[in-house]
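S.K.: Sequence and predicted structure are below.
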Amino acid sequence: MKQLILQNRPSFASSIQVSMLRQFTFCKRIPYFAVCIGLRPKSPLWVVQGKSYELMRQCLLKARMPQELNNLGPEKLEFNIFLSSDELGLHGAADAIIETAHGPAVLELKANPGKLNRGSELQLAAYSILLEKQRGVESSHAYFVQGKPIKVTRFKINQELRDDVYSTTRRIQEIVGGGTLPDSDAEPAKCAQCEYLNFCNDRD
């Protein structure tokens with residue numbers, strides 16, 4: 001198995017949840033409300049549905065592996081694996097990790113079969129980087145497992161995406177460390193579906 005040597009990677013002062021990268025991409029204010037203030041609003045319906053899908057998909061993957069994943073030569077499949085790195089200042093639980101003949105890879109289970117957004121890509125890349133850091137082996141690809149019927153998408157963890165994970169983490173750390181509410185760059189359509197709207201409703 002190929003060993004990975006990470007050099008010249010940034011260090012961060014404190015740890016944040018990987019999911020904050022996706023939330024930050026949606027709106028820069030969410031890390032402030034969630035981390036600085038500690039708000040825990042009620043989860044919207046699609047979040048609850050997503051968790052139900054994740055549990056269902058875990059059972060189905062245990063019973064029958066999709067052909068796209070079978071082709072990898074799977075040796076082991078684990079769910080809800082906690083990953084962390086003090087150096088990067090990130091932590092979180094990956095939906096699943098598949099051990100293959102080519103090394104480990106992260107699986108992200110998503111109920112929505114639609115197009116993947118940048119936040120989801122950053123989240124998957126962050127888990128892959130944490131997997132590399134924790135196990136000391138390269139994980140150059142990850143997989144989105146979406147919808148019903150199941151769709152498996154292979155996703156390359158390239159250097160541009162890795163750099164974006166580092167820079168986004170640093171920006172979130174600056175918000176959390178500064179404790180100042182940032183300007184919102186979200187659009188009205190996003191605000192209408194945000195669970196933090198009642199705390200952040202300063203739009204005209």
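M.R.: Sure, I can see it. Residues are numbered from 1 along each chain as shown.
S.K.: Centre-most residue in this structure?
M.R.: Among the residues of the chain, the one closest to the centroid is residue 123, at 2.3 Å (CA atoms, centre = their mean).
S.K.: Enumerate every residue touching the residue nearest to that one when sequence neighbours are not counted.
M.R.: Closest residue to residue 123 apart from its sequence neighbours, by CB to CB, 6 or more residues apart in numbering: residue 22 at 4.5 Å. Bear in mind the C-beta positions are built from the backbone N, C-alpha and C, glycine included. Contact partners of residue 22, counting by CB atoms under 8 Å, 6 or more residues apart in numbering, are 119-120, 122-123.
S.K.: let's see it at 10 Å
M.R.: Contacts for residue 22 (CB atoms under 10 Å, 6 or more residues apart in numbering) come out as 30, 117-124, 126, 168.
S.K.: where's the host helix or strand of residue 166 relative to the chain centroid, distance-wise?
M.R.: Assessed by DSSP states H and E, residue 166 sits inside helix 159-178. Computed by CA atoms, centre = their mean, to the nearest Å, the chain-centroid distance of helix 159-178 equals 13 Å.
S.K.: And stretch 140-153, by the same measure?
M.R.: 14 Å.
S.K.: Next, the buried residues of it.
M.R.: 141-146, 150, 152 (16 or more other CB atoms under 10 Å).
S.K.: Looks like residue 85 contacts residue 134 (just checking).
M.R.: Yes - between residue 85 and residue 134 a contact is recorded at 7.0 Å, counting by CB atoms under 10 Å.
S.K.: higher neighbour count, the two?
M.R.: Between residue 85 and residue 134, counting by other CB atoms under 10 Å, residue 85 is the more crowded of the two (20 against 14).
S.K.: How much space separates that one from residue 159?
M.R.: Shown here: residue 85 relative to residue 159, a distance of 18 Å by CB to CB, to the nearest Å.
S.K.: Can you list the buried residues in the helix holding residue 166?
M.R.: With burial defined by 16+ other CB under 10 Å, the residues of helix 159-178 counted as buried are 161-162, 164-166, 168-169, 172-173, 175-176.
S.K.: likewise stretch 186-194?
M.R.: 186, 191, 194.
S.K.: Helices along the protein, start to end?
M.R.: Along the chain, the segments classed as helices by DSSP state H run 19-26, 30-31, 45-63, 67-70, 118-135, 159-178, 188-192, 197-200.
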